[in-house]
Structure formats: C-alpha cells, structure tokens
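Chemist: I would like the atomic coordinates for the input below:
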Amino acid sequence: IAHVATQSGVPVGYWRSVGHSHNAFFSESFIDELAHAARQDPIAYRLAMLKDSPRHRAVLLLAAQQAGWPGHGTAQPLAPGRARGVALHESFGGIVAQVVEVSIVANVPRVHRVVCAADVGVVVNPGIVAQQLESAVIFAWVGWNYLVPDSWQFDANKRGLVLLTLVLSLQASYAAPLIL
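Modeler: From the prediction side, this is the model:
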C-alpha cells in the first residue's frame with residue numbers, strides 16, 4: 001500500500017455519498033449550461049433526454065410539480081430576487097430530484113425552500129428514508145461551505161449560524177419528502 005500526499009487546492013475529506021455528491025453537482029451544472037445554451041427550460045431539457053427512463057422522468061416531474069415549476073402542475077411564481085435550480089441524480093439504485101429556491105441577501109446565499117422527490121425502490125421504513133433525504137439537504141449546505149469558504153466570507157462561527165438557520169427554516173416549513 002502506498003500513499004502520496006498532494007496539495008490540490010481542493011479540500012478533501014469524508015463525503016456522505018463518496019463520489020456522487022460532487023459528480024452530481026458537476027454533471028447537473030453542465031446539463032444546466034447545455035439547457036441554457038439551447039435556450040430551453042432546465043426541466044424540459046432533462047425530460048427530453050429521459051424518454052427511455054420512466055423512473056427518472058417520474059421523479060423529476062414530481063419534484064417539478066410540487067415545487068410549482070412553471071409548466072408542471074400549479075405554477076408558483078417566484079418572489080422578486082429569487083431563483084430556482086433543479087438537479088436529478090441516481091445513486092446506489094435510488095433516484096432523487098431536488099428543486100431549490102434561493103436568493104442572495106446582503107451577498108449571502110439563502111435557501112428558502114428545497115423540494116425533494118425520490119424513487120428508492122422498496123421502502124421498509126419510510127421514516128428512515130425521509131431522514132436520509134432531509135439530512136442530505138443539510139449535508140449539501142455543509143459541503144458547499146466546506147468547498148467554497150471564501151466565496152461567502154464566513155468564519156467558522158458564522159457558518160454554524162447559517163447552518164442552524166437552514167435547519168430551523170426546514171423545520172419551520174417542514175413537509176415530508178416526496179417518495180414514489
């Protein structure tokens with residue numbers, strides 16, 4: 001066994017889903033860039049690629065409908081200064097889609113709402129699945145702060161406060177994750 005320590009400029013440590021966390025971020029960001037270049041709605045662009053993937057389509061459509069994405073269910077207009085983003089990823093046989101509503105307040109990103117839909121196959125204990133999905137949302141926030149700490153100019157104490165705010169926001173507007 002050999003080990004070579006390197007200074008890559010990218011902090012590494014334990015990640016909840018091994019490579020899926022950052023791989024989903026990069027691939028979904030690229031799909032968004034492609035949709036933008038094609039002047040297409042991000043969900044419509046993904047759906048066009050998923051014609052032969054009914055489980056993926058169902059999860060993505062459910063997330064879009066519940067989030068009020070225009071053209072899917074009852075559209076919910078965004079408040080001024082807010083934006084939505086979408087991601088869809090398969091990991092370990094489960095398929096998850098999330099729609100996130102965000103804004104920038106005083107140069108600080110703020111997450112207002114996360115809608116999560118999942119098809120994880122046979123579910124023995126729905127409560128455990130809900131806990132996994134909820135904690136994944138929180139872990140994503142922690143991961144972003146870890147990867148890009150200077151972008152928000154937070155010190156360690158402020159990062160903790162932001163995370164606490166996110167947790168309290170999720171609890172205040174709690175709705176169980178959507179599970180197909």
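Chemist: how about the helices in the protein?
Modeler: Using DSSP state H, the helices of the chain run over 20-37, 42-49, 54-67, 126-147, 149-152, 156-172.
Chemist: Give me the neighbour count for residue 93.
Modeler: 8 (other Cβ atoms under 10 Å). Just so you know, the C-beta spots here come from the backbone N, C-alpha and C atoms, and that holds for glycine as well.
Chemist: and it, how far is that from residue 121?
Modeler: 6 Å (Cβ to Cβ, to the nearest Å).
Chemist: And residue 112, by the same measure?
Modeler: Residue 112 is 31 Å from residue 121, by Cβ to Cβ.
Chemist: same deal with residue 59?
Modeler: With Cβ to Cβ as the criterion, residue 59 and residue 121 are 12 Å apart.
Chemist: So for the two, which sits in the more crowded spot?
Modeler: It is residue 59, of residue 59 and residue 121, that has more neighbours when counted by other Cβ under 10 Å, with 28 against 11.
Chemist: Residue 118 is in contact with that one, correct?
Modeler: Yes: contact criterion Cβ atoms under 8 Å: residue 59 and residue 118 qualify, at 6.5 Å.
Chemist: In terms of pLDDT, where does residue 162 sit?
Modeler: On pLDDT, residue 162 comes in at 38.
Chemist: who's in contact with residue 25?
Modeler: Applying Cβ atoms under 8 Å, 6 or more residues apart in numbering to residue 25 gives the contacts residue 87.
Chemist: Please apply the same query to the one 3 residues further on.
Modeler: With contacts defined as Cβ under 8 Å, 6+ apart, the neighbours of residue 28 are 86, 87, 88, 89.
Chemist: redo that, cut-off 7 Å
Modeler: Applying Cβ atoms under 7 Å, 6 or more residues apart in numbering to residue 28 gives the contacts 87, 88, 89.
Chemist: Which one (most neighbours) among the residues you listed?
Modeler: Ranking the contacts of residue 28 using other Cβ under 10 Å puts residue 88 first, with 26 neighbours.
Chemist: Surely that one is in contact with residue 45?
Modeler: No: counting by Cβ atoms under 7 Å, residue 88 stays clear of residue 45, with 11.0 Å between them.
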